[in-house]
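*Asks:* with the sequence up front, the predicted model follows.
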Amino acid sequence: MNRKTKWFSLSAVIIALIAVMLVSAFPHQQIATAGIDNGYTGKQAKYVFFFIGDGMGMPQVNAAEIFKGTLESDNKMHKGKLGFTVFPHQGMQTTHSNNTFITESAAAGTALATGQKTNNDILGMDATKTVKLKTMAELAKEKGMKVGIVSNVSIDHATPGAFYAHEPTRKNYYEIGLALANSGFNYFAGGGLLAPTGPKQDKPSVFDLAKNNGYKVVNTQEEFNNLSNQDSKVFAIAPKLAAEAAMPYDIDRGSGQVTLADFTKKGIDLLDNSQGFFMMVEGGKIDWSSHANDAATTVRDILAFDDAINEALKFYAKHPNETLIIVTGDHETGGMTIGFAGTEYETFFSKINKQDLSFEEFDKKIKTYRETVGAQYANLNDWLPILANEFGLTDITDYDKTRLNDALAASMVEPKKRTKDPNSSLLYGNYEPFSVTVTHILNQKAGIGWTTYAHTGVAIPVYAQGIGSELFQGYYDNTDIAKKIMNIMGVKQ
């Protein structure tokens, strides 16, 4: 072998080694881009709706359809289709973050908003926390389109924040709020802010800063109803908020209270203009109720999410050749499944229809009981009428009572005084033990199971309708969704 041949051989080895090292260092990036064509040369979408059901995997969607069918018909095999599950183009997306196969919402939201992977907990920045990633919403604004961000959780939460903020951690709520006030986006709506004056409540109010930047901040029904297309920049907060500055779960919503569909409809009215618009709408509490393994609350929030999507479909009917609607989730939460050992091949979804309040509202009853009755006098018999009236739980077995007694005893200990028992964590997560046990028993009798109080790493369905929607068929990564939308919208990073 001559010197030249040896040099080429050595070079080839070096190149091969570098390639292996790169693949090892960035395995997920390789997976995310392999063999996927996101190219688009058709007509650009003028109106883009991006609906994200936080925590909404295939089991949640399927459960909502079965539940809807139960409400619509006495035929136990009737399945009620949702507005988005009949979309003509459907695909599946992988959800892993840059550093783990089980993502959380900041990393997933960043991927969906920017087309770039990042590590868990990072919002709108790369994994090094040094590069701010441009989002499709920011690009749409630069193009001259109006932009709206809607969510039924706090608007500074991970998923909505991923479309306008760039922070090394999703927990920088005040800084995320500042990004909102300075974004120049036209419409923010839904929940409030978690830290509008900073973690120590000593900073200038984000609400005041937003007003100084031209936003009309409204939080009453009358003010919301009076908003018009003449209001160029709006921050609309639900008149009634629940825990963590979020809108109430739909199961807890009072008559006449504003809904996610109302905020979506109003957004369409305010954003519609000759240059087009981009609107992201998040059903954020699907995730929260799935974390708590509360199936009845979860499916009702999916139906409310579907109502919001139906508002977009009404608009689409008027502009079918200019509109794109995408519906997906950022990850699955809870490891929900349809099927439980005790029910084998049967399901009984009519049972969860008897639940009339969320775990969150039930927790309040437990707290009051703990403070007034206390551990010494706690008795499951006090709860049996409540479980019958508010959960329809009348067929309670001896095994159920054993579980309920153990959970009630655990709930009689103040949360701050509870020991970090790994067995307790497996049974109840960080949730109220009695509440979780009640929903578990009810869910299991309906034929629904759960595996975790966290997220899972399963693939998530994608539903698409409108201009360019054929691109969303197939199996691809969550980053590809962003790239497809940006190409169809005619924007580039």
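*Replies:* Ah, there it is.

*Asks:* could you find the closest non-adjacent residue to the most centrally placed residue in the chain?
*Replies:* For the chain, the residue nearest the mean C-alpha position is D54 (1.4 Å; Cα atoms, centre = their mean). Leaving aside its chain neighbours, D54 sits nearest to D287 (3.8 Å; criterion: Cβ to Cβ, 6 or more residues apart in numbering). C-beta here means a position set from N, CA and C on the backbone, and glycine is covered the same way.

*Asks:* then G474?
*Replies:* Nearest non-adjacent residue to G474, counting by Cβ to Cβ, 6+ apart: G91, 5.0 Å away.

*Asks:* assign that neighbour to helix, strand or coil.
*Replies:* Under DSSP: H, G, I helix; E, B strand; the rest coil, G91 falls in the strand class.

*Asks:* how many residues are close by it?
*Replies:* Counted with other Cβ atoms under 10 Å, residues neighbouring G91 total 20.

*Asks:* which strand residues bridge it?
*Replies:* Legend: beta-bridge partners of G91 under DSSP bridges are V462, G474.

*Asks:* what sits against it?
*Replies:* For G91, the contact set (Cβ atoms under 8 Å, 6 or more residues apart in numbering) comprises P461, V462, A464, F472, Q473, G474, Y475, Y476.

*Asks:* the residue nearest to D54 reaches T103, doesn't it?
*Replies:* No: using Cβ atoms under 8 Å, D287 is not in contact with T103, being 12.0 Å away.

*Asks:* tell me which of these two has more neighbours.
*Replies:* Between D287 and T103, counting by other Cβ under 10 Å, D287 is the more crowded of the two (30 against 27).

*Asks:* on that earlier part again, what separation do you get for the residue nearest to G474 and N99?
*Replies:* Separation of G91 from N99 (Cβ to Cβ, to the nearest Å): 25 Å.

*Asks:* what of I441?
*Replies:* Going from I441 to N99 by Cβ to Cβ gives 37 Å.

*Asks:* for F315, which non-adjacent residue is spatially closest?
*Replies:* Looking at F315 with Cβ to Cβ, 6+ apart, the closest residue is I268, at 5.3 Å.

*Asks:* tell me the contacts of the one you found?
*Replies:* When contacts are counted by Cβ under 8 Å, 6+ apart, I268 is found next to M279, E311, A312, F315.

*Asks:* for it, give me the pLDDT.
*Replies:* Note for I268: predicted pLDDT of 98.

*Asks:* kindly confirm my reading that it is in a helix.
*Replies:* Yes: applying three-state DSSP, one finds I268 inside a helix.

*Asks:* what strand or helix carries the residue nearest to D54?
*Replies:* Using DSSP states H and E, D287 falls within helix 285-291.

*Asks:* chain center to that helix: distance?
*Replies:* Mean C-alpha position of helix 285-291 versus that of the full chain (Cα atoms, centre = their mean, to the nearest Å) differs by 8 Å.

*Asks:* and what of stretch 116-135?
*Replies:* Distance of stretch 116-135 from its chain centroid, counting by Cα atoms, centre = their mean, is 19 Å.

*Asks:* ok, stretch 233-243 next?
*Replies:* A distance of 18 Å separates the centroid of the chain from that of stretch 233-243, by Cα atoms, centre = their mean.

*Asks:* same deal with stretch 131-146?
*Replies:* 21 Å.

*Asks:* list of residues touching it?
*Replies:* Contacts of stretch 131-146 (Cβ under 8 Å, 6+ apart): 48, 50, 110, 113-116, 118, 124-126, 147, 149, 162-164, 166, 183-187, 270-271, 273, 275-278, 280, 482, 485-486, 489-493.

*Asks:* that one: which residues count as buried?
*Replies:* By 16 or more other Cβ atoms under 10 Å, the buried positions in stretch 131-146 come out as L133, K134, T135, M136, A137, E138, L139, A140, K141, K143, M145, K146.

*Asks:* next: stretch 278-297.
*Replies:* Neighbour-count burial for stretch 278-297 flags 278-297 (criterion: 16+ other Cβ under 10 Å).

*Asks:* and if you look at stretch 158-173?
*Replies:* Buried, per 16+ other Cβ under 10 Å, within stretch 158-173: 158-168, 170-173.

*Asks:* those residues in helices, which ones?
*Replies:* A158, T159, P160, G161, Y173 (DSSP state H).

*Asks:* as JSON lines, those with pLDDT would be great.
*Replies:* Putting these into JSON lines (pLDDT from 0 to 100) gives the following:
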{"residue": "A158", "pLDDT": "98"}
{"residue": "T159", "pLDDT": "98"}
{"residue": "P160", "pLDDT": "98"}
{"residue": "G161", "pLDDT": "98"}
{"residue": "Y173", "pLDDT": "98"}
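
*Asks:* which residues in the stretch 1-150 of the chain form helices?
*Replies:* All helices of the stretch 1-150 of the chain, identified by DSSP state H, counting those that start in this stretch, fall at 3-25, 27-33, 58-72, 105-114, 136-143.

*Asks:* what domains does the record give for the protein?
*Replies:* 47-336+454-489, 338-449 (automatic domain parsing).

*Asks:* turn the ones you listed into a markdown table, columns for distance to G39.
*Replies:* Shown next, in a markdown table, are these (distance: least, Cβ to Cβ, whole Å):
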| stretch | distance to G39 |
| --- | --- |
| domain 47-336+454-489 | 7 |
| domain 338-449 | 37 |
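
*Asks:* packed most tightly, which of those would that be?
*Replies:* Comparing the domains of the chain on average neighbours per residue, with mean count of other Cβ atoms under 10 Å, the densest one is domain 47-336+454-489 at a mean of 21.

*Asks:* and T41, its phi and psi?
*Replies:* Backbone geometry at T41, expressed as degrees, to the nearest 10, gives phi -120, psi 10.

*Asks:* quick check: which element contains F315?
*Replies:* F315 belongs to helix 295-318, assigned by DSSP H and E.

*Asks:* check contacts around I481.
*Replies:* Counting by Cβ under 8 Å, 6+ apart, I481 makes contact with Q93, L112, G115, I326, T328, V462, F472.

*Asks:* quick check, nearest of those to D262?
*Replies:* I326 (21.2 Å; Cβ to Cβ).

*Asks:* pairing partners for the host helix or strand of the closest one, with directions?
*Replies:* For I326, the element it lies in under DSSP H and E is strand 323-329. According to DSSP bridges, strand 323-329 forms sheet pairs with strand 47-53 (parallel), strand 460-466 (antiparallel).

*Asks:* including mean pLDDT, could those go into JSON lines?
*Replies:* JSON lines is the format used below for these (pLDDT from 0 to 100):
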{"stretch": "strand 47-53", "mean pLDDT": "99"}
{"stretch": "strand 460-466", "mean pLDDT": "98"}
